[in-house]
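> Return atomic coordinates for the entry below.
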Amino acid sequence: MFSVETYKSRRNELKKLVKSGVILLPGNNSSPCNYTANTYRFRQDSSFLYYFGLDFENLFAVIDIDKDEEILFGDDQSLDDLVWTGPEPSTLDKAAMCGVSKVLPSNQLKKYISKLFKEGSIFHYLPQYRIENIVKLNELLTLNYDLINKHTSKDLTVAVIKQRSIKSNEEVTEIEKAIEVSYDMNLYAMLNTKPGIIERDVYSFVEAISYAKGKGTSFAAIFSVHGEQLHNPFYENIMQDGQLALLDSGAESMLHYASDITRTFPVNGKYTDFQKDIYNIVLNTNLEAIKNSKPGVPYRDIHFAAAKNIVEGLKSIGLMKGDSDEIIQQGAHAMFFPHGLGHMLGLDVHDMEALGESLVGYNDDVQRSQQFGLKYLRLARPLEAGFVMTVEPGIYFIPQLVNTWEKEKKFVDFINYNEVKKHLDFGGVRIEDDIVITETGSRVLGKPIPKTIEEVEAVCANRK
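Residues are numbered from 1 along each chain as shown. Here you go, the predicted structure:
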């Protein structure tokens, strides 16, 4: 955990932003996997972690702004609990760890909330993504289940996003600890990938590194010779000579801050000439986007600049044609680059996505587009010092998309389908780094992970 003062200061700032009412912050419990006693790995709610730091199950926090009172609801272990799980701090000790002085048992929560109801208190809570917490709020607030997420507090949600968006130095340090683990994960994959083996033969050890050196993976990672499948946690392909392997993975630090790194490298250790052409377009786009990232610049503008860089690169090798600005305006480039340039990063790998992606990544002046590809841009608003985010351009050859668009005669003035179809077995290239926005520009976080062709091939040359 961070210091007690860190959590007290965060809660005090939250109270100032929300101004009045009662804030309800449920912590997470374990969720059953395939029967009650066999649970998924426990993961505390990120906003609960941000304001209380307590990585324990079965806790519920109440912040009464009007009375300037903070209460932690929870129960000490029973003897049966201790036998199965070992000892843990008492609820009073947990509260002391984050600077909360008042503790009540869980069975007092409903009675306490009912009393506040009678006093006319206004309740604030965040959007809920776990059914057990929806059930809990249903019991406390006597709302139908389907109404819980329709009555969330906009004031609280906006306040939490405002706070969590700006990372402190100690938060950036935690993210860099996660990137240190990512460095080892990526180096292992580059050193141990080779033709004839199954993806999981490599990925199983990559994931093991995340647990050996941190809190595990920050999301269901992608390791595939089918890099054109953007979210593809399937590790059963036999890797072949001449293919590219794409590893999009992240780790969590011991305090649950995330990394998110992508590297694309040759299965046989050497890029072909065409692979180099595509790779260098993506690499140059990555470097240019990082250089352009600075306070006050809308990330959507940087996304458009990245798209134009990709278009110009694809035109130079004969895959696209026509006016670049018109290509981007109409969305023809999205056949090759069908996702956004990046997203916020922090306690969540898509930071604060549970609070509403558009509230996090957009504002009143920058609204989400519904254009194919562009609608998946998670971060579009102007950047601010303290934002931590990903920069992850890519180029993909998706056979189904190419064939469908060609059949529909879509963008025939911009796409050289005959040339593109020569490369339908290419896969994809994505290069992703994590950066922090500084007062004057940006900084790539963590120990540099090989990403130029020369650096990657030099690592691959050391394969046994």
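
> Quick one, grab the pLDDT at F426.
We note a pLDDT of 98 for F426 in this prediction.

> Now for it: which residues touch it?
228, 244, 274-275, 278, 397 (C-beta atoms under 8 Å, 6 or more residues apart in numbering). Yep, even glycine has a C-beta here, placed from its N, CA and C like the rest.

> Please tell me how far it sits from F274.
For F426, the distance to F274 equals 8 Å [C-beta to C-beta, to the nearest Å].

> Please apply the same query to L126.
48 Å.

> And the two? Which one has more around it.
Neighbour count, other C-beta atoms under 10 Å: between L126 and F274, L126 has more, with 24 against 12.

> Which parts of the stretch 151-300 of the chain are strands?
Under the criterion DSSP state E, counting those that start in this stretch, the stretch 151-300 of the chain contains strands at 222-224, 244-249, 261-266.

> Would you convert those into a markdown table that also reports distance to V135?
Output for the strands of the stretch 151-300 of the chain, formatted as a markdown table (distance: least, C-beta to C-beta, whole Å):
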| stretch | distance to V135 |
| --- | --- |
| strand 222-224 | 33 |
| strand 244-249 | 33 |
| strand 261-266 | 37 |
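
> do you know which of these lies nearest E457?
strand 261-266 (7.7 Å; C-beta to C-beta).

> what angle separates that closest one from strand 244-249?
160 degrees (axes from the mean of the first three to the mean of the last three C-alpha atoms, to 10 degrees).

> Centre of the chain to strand 261-266, how far?
18 Å (C-alpha atoms, centre = their mean, to the nearest Å).

> Which strands and helices lie in contact with that strand?
helix 169-192, strand 244-249, helix 273-292, strand 428-430, helix 453-460 (3 or more C-beta pairs under 8 Å, 6 or more residues apart in numbering; DSSP states H and E).

> closest one to G446 among the ones you listed?
From those, taking C-beta to C-beta, the stretch that ends up closest is helix 169-192, at 3.0 Å.

> Pull out the C-alpha coordinates of that closest one and format them as PDB.
Taking C-alpha atoms only, helix 169-192 is exported to PDB below (Å, rounded to 0.1, in the frame of the first residue of the first chain):
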ATOM      1  CA  ASN A 169       4.800  10.100  -9.100                       C
ATOM      2  CA  GLU A 170       4.300   7.100  -6.900                       C
ATOM      3  CA  GLU A 171       1.600   5.800  -9.300                       C
ATOM      4  CA  VAL A 172       4.000   6.200 -12.300                       C
ATOM      5  CA  THR A 173       6.600   4.300 -10.300                       C
ATOM      6  CA  GLU A 174       4.200   1.400  -9.800                       C
ATOM      7  CA  ILE A 175       3.400   1.300 -13.500                       C
ATOM      8  CA  GLU A 176       7.100   1.200 -14.300                       C
ATOM      9  CA  LYS A 177       7.400  -1.700 -11.900                       C
ATOM     10  CA  ALA A 178       4.800  -3.500 -14.000                       C
ATOM     11  CA  ILE A 179       6.700  -2.600 -17.200                       C
ATOM     12  CA  GLU A 180       9.900  -4.100 -15.800                       C
ATOM     13  CA  VAL A 181       7.900  -7.400 -15.600                       C
ATOM     14  CA  SER A 182       6.700  -6.800 -19.200                       C
ATOM     15  CA  TYR A 183      10.400  -6.400 -20.300                       C
ATOM     16  CA  ASP A 184      11.100  -9.900 -19.000                       C
ATOM     17  CA  MET A 185       7.900 -11.300 -20.600                       C
ATOM     18  CA  ASN A 186       8.700  -9.900 -24.000                       C
ATOM     19  CA  LEU A 187      12.400 -10.900 -23.900                       C
ATOM     20  CA  TYR A 188      11.400 -14.400 -23.000                       C
ATOM     21  CA  ALA A 189       9.000 -14.600 -25.900                       C
ATOM     22  CA  MET A 190      11.500 -13.200 -28.400                       C
ATOM     23  CA  LEU A 191      14.200 -15.700 -27.200                       C
ATOM     24  CA  ASN A 192      12.000 -18.800 -27.200                       C
END
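
> Can you give me the buried ones in that helix?
171-172, 174-192 (16 or more other C-beta atoms under 10 Å).

> Also stretch 287-294?
By neighbour count with 16+ other C-beta under 10 Å, stretch 287-294 contains the buried residues 287-290, 292-293.

> Also stretch 194-207?
194, 199, 202-203, 206-207.

> Stretch 322-333 now?
Neighbour-count burial for stretch 322-333 [16+ other C-beta under 10 Å]: 324, 327-328, 330-333.

> Stretch 43-50 now?
44-50.

> Show residues contacting it.
For stretch 43-50, with C-beta under 8 Å, 6+ apart as the criterion, the contacting residues are 10, 25-28, 54-56, 59, 61, 126, 130, 133, 160, 163-164, 255-256, 346-348, 352, 354-355.

> so for stretch 293-311, what's the average pLDDT?
pLDDT averaged over stretch 293-311 gives 98.

> Export it to PDB, keeping only CA atoms.
Extracted in PDB, the C-alpha atoms of stretch 293-311 (Å, rounded to 0.1, in the frame of the first residue of the first chain):
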ATOM      1  CA  SER A 293       1.800  13.600 -27.400                       C
ATOM      2  CA  LYS A 294       1.900  16.600 -25.200                       C
ATOM      3  CA  PRO A 295      -0.500  18.600 -23.000                       C
ATOM      4  CA  GLY A 296      -3.300  20.300 -24.700                       C
ATOM      5  CA  VAL A 297      -3.200  18.200 -27.900                       C
ATOM      6  CA  PRO A 298      -6.400  16.100 -28.500                       C
ATOM      7  CA  TYR A 299      -5.400  12.500 -28.700                       C
ATOM      8  CA  ARG A 300      -7.900  12.200 -31.600                       C
ATOM      9  CA  ASP A 301      -5.700  14.500 -33.600                       C
ATOM     10  CA  ILE A 302      -2.700  12.300 -32.800                       C
ATOM     11  CA  HIS A 303      -4.800   9.300 -33.900                       C
ATOM     12  CA  PHE A 304      -5.600  11.000 -37.200                       C
ATOM     13  CA  ALA A 305      -1.900  11.900 -37.700                       C
ATOM     14  CA  ALA A 306      -1.000   8.200 -37.100                       C
ATOM     15  CA  ALA A 307      -3.700   7.100 -39.600                       C
ATOM     16  CA  LYS A 308      -2.200   9.500 -42.200                       C
ATOM     17  CA  ASN A 309       1.300   8.200 -41.500                       C
ATOM     18  CA  ILE A 310       0.000   4.600 -42.100                       C
ATOM     19  CA  VAL A 311      -1.800   5.600 -45.300                       C
END
